[in-house]
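Engineer: this is a predicted model, with the sequence first.
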Amino acid sequence: MRTIVKTIVGGLFGGLLASTTAMAADYQMVLAMQLTDAQNPIYKAFQYIESEIDSRSNGRIDAKLFGGGVLGGDREVAESVSLGDVQLTTMSSSALVPFVPELAVFDLPYIFPHDQGVLKDVLLNSEFSSSLENYMEPKGFRFAGVFNSGFRQLTTADTAVHSVADIEKANLRIRVMENPFHIKLWKLLGAAPTPIAYTELYGALQQGVVDGQENPYINILSSKFYEVQGHLTETSHILLASLILMDNSWYNSLPDDLKAVVDGVLKDAMSRQWEEQGKALSEQKAELAKNMDVITLTPEELEEFRTRTAPMVDEIRASVGDELVDGLLNAIEKASK
């Protein structure tokens, strides 16, 4: 895969390197992500990063964005970052668990606060978030922050889900990420979890390979899953934390003034994305309601989902360790005061 990425990036850069701007650049910065929707707040944030890196570095860093998964899926891009072929990407923490097992802490169900201010403090300004670099840097990743994608919601084609019993009775085939904790969670809820690549998900839903899937409002909109799904149940079971990853070796090779440029651009991009996403939540839900039956669970119905998935806490704790889980819980408690 590394050869493929180098070939693609090399070909795309080939013509650019002949230009005066590219020839003047001291560093090349490849930005890669899976998103294709230019209206997605994360896509906009990456466009902002591309532009601002070039501008604030006075052309010393030539940043180029490749969206839509043209450089590969999450696994391939993560490998490319660790190998130094891609300098910056963003992806769900869940997709990175095979590389950094400790990131399964983000898969704890019904743990993260919904208040945007509290959530931002936990993910960006806490001892917990600072500790993540200890697990990521040995794998070649620099932890550069978190975008807010919202909480995962369940969508289904024909079954209106109001309870765990509805899932069990229909033996729903739910698409999940290739993540053992997501698979276990949906088994606890009585579903038949089926790992499928995100880029193949629309087709799988359209062809009936799976009955449903789980993603935040913005992803359901961006990928137009509402075209092939009739119901959305607001389960809000797992936070989709979109981690920002950087090639650690590349970052450390930068002089201090350019490190400051990169740090400043990323900080501003995160601030813009969090603000835009927070404002857009109600609009995203309303837009989906035009095409889907949106089901809001009662407190009693939601508690059933919490109870059935409660064993995941001990399972993830056993996998990632008490220090990380307790660090998260302490951060949430501190930020909530």
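Structural biologist: All right, it came through fine. Numbers count the residues shown, from 1 in each chain.
Engineer: tell me how far T89 lies from A32.
Structural biologist: Using C-beta to C-beta, to the nearest Å, T89 is found at 5 Å from A32. The way it works is simple: take the backbone N, C-alpha and C, and place the C-beta from them, glycine included.
Engineer: what comes up buried for stretch 298-312?
Structural biologist: Using 16 or more other C-beta atoms under 10 Å as the test for burial, stretch 298-312 gives E301, L302, E304, F305, R308, T309, M312.
Engineer: hmm, Q28 and D62 touching each other?
Structural biologist: Yes: counting by C-beta atoms under 8 Å, D62 does reach Q28; the two are 5.4 Å apart.
Engineer: of those two, which one has the most company?
Structural biologist: D62 (23 against 16; other C-beta atoms under 10 Å).
Engineer: helices or strands up against the helix or strand encompassing that one?
Structural biologist: Using DSSP states H and E, D62 sits within strand 61-66. When contacts are defined as 3 or more C-beta pairs under 8 Å, 6 or more residues apart in numbering; DSSP states H and E, strand 61-66 packs onto helix 2-14, strand 27-32, helix 41-56, helix 256-289.
Engineer: highest average neighbour count across these?
Structural biologist: Burial of those is given as mean neighbour count (mean count of other C-beta atoms under 10 Å); strand 27-32 ranks first at a mean of 22.
Engineer: pairing partners for it, with directions?
Structural biologist: Paired strands of strand 27-32, with direction, are strand 61-66 (parallel), strand 88-92 (parallel) (DSSP bridges).
Engineer: name the element F143 belongs to?
Structural biologist: Under the criterion of DSSP H and E, F143 resides in strand 141-151.
Engineer: tell me the angle that strand makes with helix 256-289.
Structural biologist: 20 degrees (axes from the mean of the first three to the mean of the last three C-alpha atoms, to 10 degrees).
Engineer: figure out how far strand 141-151 is from the centre of its chain.
Structural biologist: Between the centre of strand 141-151 and the centre of its chain there are 7 Å (C-alpha atoms, centre = their mean, to the nearest Å).
Engineer: from memory Q273 sits against N40, does it?
Structural biologist: No: look at Q273 against N40 with C-beta under 8 Å: they stay out of range, at 9.5 Å.
Engineer: quick check: closest non-adjacent residue to S126.
Structural biologist: Nearest residue to S126, sequence neighbours excluded (C-beta to C-beta, 6 or more residues apart in numbering): A331, at 3.9 Å.
Engineer: residue contacts, the one you found?
Structural biologist: The contact partners of A331, by C-beta atoms under 8 Å, 6 or more residues apart in numbering, come to D121, V122, S126, E127, F128, S129.
Engineer: what is the burial count for the second one?
Structural biologist: Read that as V122. By other C-beta under 10 Å, 25 other residues sit near V122.
Engineer: quick check, it in a helix?
Structural biologist: Yes: assessed with DSSP: H, G, I helix; E, B strand; the rest coil, V122 lies in a helix.
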